[in-house]
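> Got a predicted model here, sequence first, then my questions.
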Protein chains: 4
Amino acid sequence: MKIIATIALAAMLAIPALAQTGKVLDNLSVPSKVLKSDRKFAIYLPPDYASSERSYPVMYLLHGAGDDHTGWVQFGEVLHIADKAIAEGKATPMIIVMPDANTGRRGYFNDVKGDWNYEDFFFTELMPYVEKKFRIKTEKRFRAIAGLSMGGGGSFMYALHHPELFSSACPLSASTGPITLEDAKKGLIRNNPNIADSTVERYYNRHSALALIDKIPDDQKKAVRWYIDCGDDDFLYEGNSLVHIALRKKEVPHEFRVREGGHTWTYWRQSLPEVLAFVSQAFHQY
Amino acid sequence: MKIIATIALAAMLAIPALAQTGKVLDNLSVPSKVLKSDRKFAIYLPPDYASSERSYPVMYLLHGAGDDHTGWVQFGEVLHIADKAIAEGKATPMIIVMPDANTGRRGYFNDVKGDWNYEDFFFTELMPYVEKKFRIKTEKRFRAIAGLSMGGGGSFMYALHHPELFSSACPLSASTGPITLEDAKKGLIRNNPNIADSTVERYYNRHSALALIDKIPDDQKKAVRWYIDCGDDDFLYEGNSLVHIALRKKEVPHEFRVREGGHTWTYWRQSLPEVLAFVSQAFHQY
Amino acid sequence: MKIIATIALAAMLAIPALAQTGKVLDNLSVPSKVLKSDRKFAIYLPPDYASSERSYPVMYLLHGAGDDHTGWVQFGEVLHIADKAIAEGKATPMIIVMPDANTGRRGYFNDVKGDWNYEDFFFTELMPYVEKKFRIKTEKRFRAIAGLSMGGGGSFMYALHHPELFSSACPLSASTGPITLEDAKKGLIRNNPNIADSTVERYYNRHSALALIDKIPDDQKKAVRWYIDCGDDDFLYEGNSLVHIALRKKEVPHEFRVREGGHTWTYWRQSLPEVLAFVSQAFHQY
Amino acid sequence: MKIIATIALAAMLAIPALAQTGKVLDNLSVPSKVLKSDRKFAIYLPPDYASSERSYPVMYLLHGAGDDHTGWVQFGEVLHIADKAIAEGKATPMIIVMPDANTGRRGYFNDVKGDWNYEDFFFTELMPYVEKKFRIKTEKRFRAIAGLSMGGGGSFMYALHHPELFSSACPLSASTGPITLEDAKKGLIRNNPNIADSTVERYYNRHSALALIDKIPDDQKKAVRWYIDCGDDDFLYEGNSLVHIALRKKEVPHEFRVREGGHTWTYWRQSLPEVLAFVSQAFHQY
């Protein structure tokens, strides 16, 4: 009798343990009026998602140029790395949402011409959609953003535009946007020789991390927790080093790391566990 | 009694680790018009296959003469070794397809007489079938081929015939095909004393690794990533050493290893983790 | 009793490991005509120094402002860390020389007034003295320099002034000297209100890492191997970040690291094993 | 009383343990009439050499072109690696003799002109000298030869010329000498446009590993134990691969390894423990 009871108990106990593997879906989509199409996204659900009925914090994890919503799944090993970080207690269980910013047009921002408004899509369609379809906590404290390269740029701008929405932002090997107004003009004029100076200025003020950092109000310096990371061999060294200097001079608290490496998935797979631990500090508090 | 119960419980609690185990099916089959029969194959599905809805890279893993599709399962310990490599983060989760090339006739090539076209079967029936039945990514980047002995020969020829289909090829202790045209003739004439010289030449040009390497066009030298391995006591030492020399002279990048050992499963079980790590470098990028 | 004796014996038997321990002398001195005094230095001798008759590579390891030649011994744990790195094969046995730059006057440079020429002392008296007194290899390949803070500044300037003498230089949390000529003037004018502009310029050109990097000739870009490290909370973040940018733009190969931490011995004790491994790469070649 | 005795015992027991570090002398020399100069050499004495009175097996360890007798000491980490192999029981205590073949002229062979006879020096002066000065066993069984690159060539030729003197030979990344007579002519004619064909032939027959292997008499095939190693990225891949093929065809037992790597000290530091273990198998027998 006792042995049978033990087996039954073990069988039950085995259930949560069976759930020690999280789950990745990489072929979901959200209908978008803003972008006039269905937009794909991948999602990571933590090991206990299926067995629990609780809601979870969320991290949006943005891919770089050249990848799509499956980049962090296939190249970034998000399942293996998140499962491991959670199993070891370094990260708290969370949902990770990975949207596609590579179809139709590439990029996370509203186009200067106003006919492709990905940033609007992100905040008015994607976020509400996943918050409704999955058990996601909706307070700022429980929302983070991270990404690599172009997606690092997205992480910078989204969190600088909307510090009221993200407790943590983790731009990795990020494109930090134009360093000067002059750089912004040089970049934009290539596609649009007749671009107005006012458009350039508006773009610069909205998509240069340095310009945005310069304008952070005093009472907002601690609004977002920052983890910024860029390999010493990465071609994006300058913008990220200058962001570090700018944040230090502005006295905006932030973590900055330069490890050995370039603009590679090997580097980002090493960054991801740090990011998961860092955003978890806000999710479960010190 | 209590102690026993506790031990039993602990034993049961160990089961959850099983939840991280991949799955091997070794009695599947694909209907083949080309070979006029149902052809068996075995498949390895990674630990997270059942719980996820994502798609996976694939490695085709070919057995040697004398084995069939169960060789890598039974003697090669593919489940244990792949699970371990994935758990340790040395390999990325992938699907491994192991077809039978031992029933009816033996071998991976189209017969010179044209009445048994296994290579056609592989590319036009097996590959499409498993890509449809399982969640397999279909881009070249996510497809690899490996195999031992006769299956190493298959790996060489398939990747040299179709560099547009495989990102990596790993011939282990491979039969590299005839070294010279003369060798080809000696081999074929045994079964067919009246074989035409043109048939011999066609066979040599298609099934000698050295002949095929010699003809790799300059812009195709990096089309396939190569990992070639042959024990110092293996009877196939000559062809593999000459392939290494030929690839070096042709400046085709490749990895070459000669470890202690002969033509044995002990050797191949040591090779398999290296192969899984090597093909993963293409699957999840550096 | 028996058990106690056994324990005592075991404890004693642990001593032999001590036989693999290097040796630190921290109260040596070298007579200096240049500085008109005896100058103290500490030295680390590797575990096999006493038993061998071979000669060794050397690393000069400079302390920061506020410490003296005992800083790396007492706070930096040089004995323990070097012994461990050597025992683990991460570093090659080397001699480490730690001179005092805190007595009389503080600093590693020649004074602008010309009456305290520490840099001259270092190259014309200290180096020849230790090379004579200890079995030190005297080729450039076998000589490295490293240091923290003010000693990081010394490492920068000595290697930039004498690239023919050092194979590796490792400035840690370094004072990089004035960023602009204007900064140089501001700094010097404090002690000397009537300082001539030409003196300021001479000082700037000699003691600003940025000015010196700007002037590295094309054929000298690989003359010295660089390992530069500065915590993200260190107050010296700006100069080091700008040095990283300047070296990248100039295409001077270098390693750059920003880890979590400030201007503390905790940080430098983590840096030291990396430094020992890095300089060893030149000492024992790839 | 008991405790005191224990301490005394421990003190005695500590003595051999203190000896766990071997000793390297890198500035010894042997007077040579053959080469009309004093020739330097370095020597490794095993940890128990000083405390014992026994005699030891010896391995001659030859440097490559560009190094001298200190190459294996400084770059090869011979002390650390030999101490470790002996401490772990993978190698038996032995003496390692590292002669200089870089001063005056470079190389291990007798010059074709007959005015620089390094090989004669090695056998008639160096070997007898060290066997007299150090406690070295003089039977063939207890003598091995190893070396890298040019020293790998030395290892090949010395053991092929004198199979009666060496139980093991370990050429690493070896220059194997000219592959064909034609190659030999091309090489020699550069320095000596009027060289006689008979001289070329004599050189080829004496300094081509392939020519010498071809002439090994049947009853000498097991005279020397061979361990041959060459990285897959080494530029000396062809000669070593052909030697492997030639030895296999000739049925001369040998170990052959191709690991990841090029013509670097990183590779040779990985080879050295294998070499020490391999030669020890003859020294202490299976």
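Looks like it came in fine.
> where are the low-confidence patches of the stretch 151-286 of chain A?
Applying pLDDT under 70 to the stretch 151-286 of chain A flags the ranges A:286.
> burial of the single nearest residue of it relative to chain B, as a residue count?
Residue nearest to chain B within the stretch 151-286 of chain A: A:Trp265 (4.4 Å; Cβ to the nearest Cβ). Every residue, glycine included, has its C-beta placed from N, CA and C. Here the number of neighbours of A:Trp265 (other Cβ atoms under 10 Å in any protein chain shown) works out to 20.
> Hmm, it is touching A:Trp72, no?
No - when contacts are counted by Cβ atoms under 8 Å, A:Trp265 is not listed as touching A:Trp72 (9.6 Å).
> if we can go back for a sec, give the contact list for the residue of the stretch 151-286 of chain A closest to chain B.
Going by Cβ atoms under 8 Å, 6 or more residues apart in numbering or on different chains, A:Trp265 touches A:Phe75, A:Gly76, B:His284, B:Gln285, B:Tyr286.
> what's the distance between it and chain D?
To chain D, A:Trp265 is 21 Å away according to Cβ to the nearest Cβ, to the nearest Å.
> quick one, phi/psi of that residue?
The phi/psi pair for A:Trp265 (degrees, to the nearest 10) reads phi -70, psi -30.
> ok, how many other residues are close to the nearest residue to A:Ser55 once chain neighbours are set aside?
Leaving aside its sequence neighbours, A:Ser55 sits nearest to A:Arg135 (Cβ to Cβ, 6 or more residues apart in numbering or on different chains; 4.1 Å). Counted with other Cβ under 10 Å, the neighbours of A:Arg135 add up to 14.
> swap in A:Gly66?
A count of nearby residues for A:Gly66, using other Cβ under 10 Å, gives 10.
> how near is it to A:Arg106?
Per Cβ to Cβ, to the nearest Å, A:Gly66 is found 9 Å from A:Arg106.
> coming back round to it: now for the residue nearest to A:Ser55: which residues touch it?
A:Arg135 makes contacts with A:Tyr49, A:Glu53, A:Arg54, A:Ser55, A:Tyr56, A:Ile95, as judged by Cβ under 8 Å, 6+ apart.
> quick check, nearest of the residues you listed to C:Lys222?
A:Ile95 (48.3 Å; Cβ to Cβ).
> Isn't the closest one up against A:Leu61?
No - with contacts defined as Cβ under 8 Å, A:Ile95 does not count as touching A:Leu61, sitting 10.3 Å away.
> more neighbours, the two?
Neighbours of A:Ile95 and A:Leu61, each counted by other Cβ under 10 Å, are more numerous for A:Leu61; the result is 31 against 24.
> what bridges to that one?
A:Ala146 (DSSP bridges).
> can you check A:Lys40 too?
A:Ser29.
> Return the distance of it relative to A:Met150.
Applying Cβ to Cβ to A:Lys40 and A:Met150 gives a distance of 17 Å.
> before we move on, what about A:Phe156?
From A:Phe156 over to A:Met150 (counting by Cβ to Cβ), the distance is 11 Å.
> Between those two, tell me which one has more neighbours.
Just comparing A:Phe156 and A:Met150: by other Cβ under 10 Å the higher neighbour count belongs to A:Phe156, 31 against 23.
> Which helix or which strand is home to that one?
According to DSSP states H and E, A:Phe156 maps onto helix A:150-161.
> Determine whether any part of that helix lies close to chain B.
No - Helix A:150-161 lies apart from chain B when judged by Cβ under 8 Å from any Cβ of the partner chain; the minimum separation is 15.3 Å.
> Can you name the residues in contact with that helix?
With Cβ under 8 Å, 6+ apart, helix A:150-161 has contacts from A:60-65, A:101, A:106-109, A:119, A:122, A:145-147, A:165-166, A:169-177, A:206-207, A:209, A:212-213, A:216, A:224, A:226, A:243.
> out of the residues you listed, which are buried?
A:60-64, A:101, A:107-109, A:119, A:122, A:145-147, A:165-166, A:169-177, A:206-207, A:209, A:212-213, A:216, A:224, A:226, A:243 (16 or more other Cβ atoms under 10 Å in any protein chain shown).
> so of those, which ones are in strands?
In strands, defined here by DSSP state E, the members of the buried ones among the contacts of helix A:150-161 are A:Tyr60, A:Leu61, A:Leu62, A:Ile145, A:Ala146, A:Gly147, A:Ala169, A:Cys170, A:Pro171, A:Leu172, A:Trp226.
> Distance to A:Gln270 added to these, as JSON lines?
Formatted as JSON lines, those follow (distance: Cβ to Cβ, whole Å):
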{"residue": "A:Tyr60", "distance to A:Gln270": "20"}
{"residue": "A:Leu61", "distance to A:Gln270": "15"}
{"residue": "A:Leu62", "distance to A:Gln270": "18"}
{"residue": "A:Ile145", "distance to A:Gln270": "20"}
{"residue": "A:Ala146", "distance to A:Gln270": "14"}
{"residue": "A:Gly147", "distance to A:Gln270": "16"}
{"residue": "A:Ala169", "distance to A:Gln270": "19"}
{"residue": "A:Cys170", "distance to A:Gln270": "13"}
{"residue": "A:Pro171", "distance to A:Gln270": "16"}
{"residue": "A:Leu172", "distance to A:Gln270": "10"}
{"residue": "A:Trp226", "distance to A:Gln270": "19"}
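> so which of the residues you listed comes closest to B:Leu236?
A:Leu172 (46.0 Å).
> got a list of what that closest one touches?
With the criterion set at Cβ under 8 Å, 6+ apart, A:Leu172 makes contact with A:146-149, A:151-152, A:155, A:228-230, A:268, A:271, A:275.
> in a strand, that's where A:Val279 is, yeah?
No - the assignment for A:Val279 is helix, going by DSSP: H, G, I helix; E, B strand; the rest coil, so no strand is present there.
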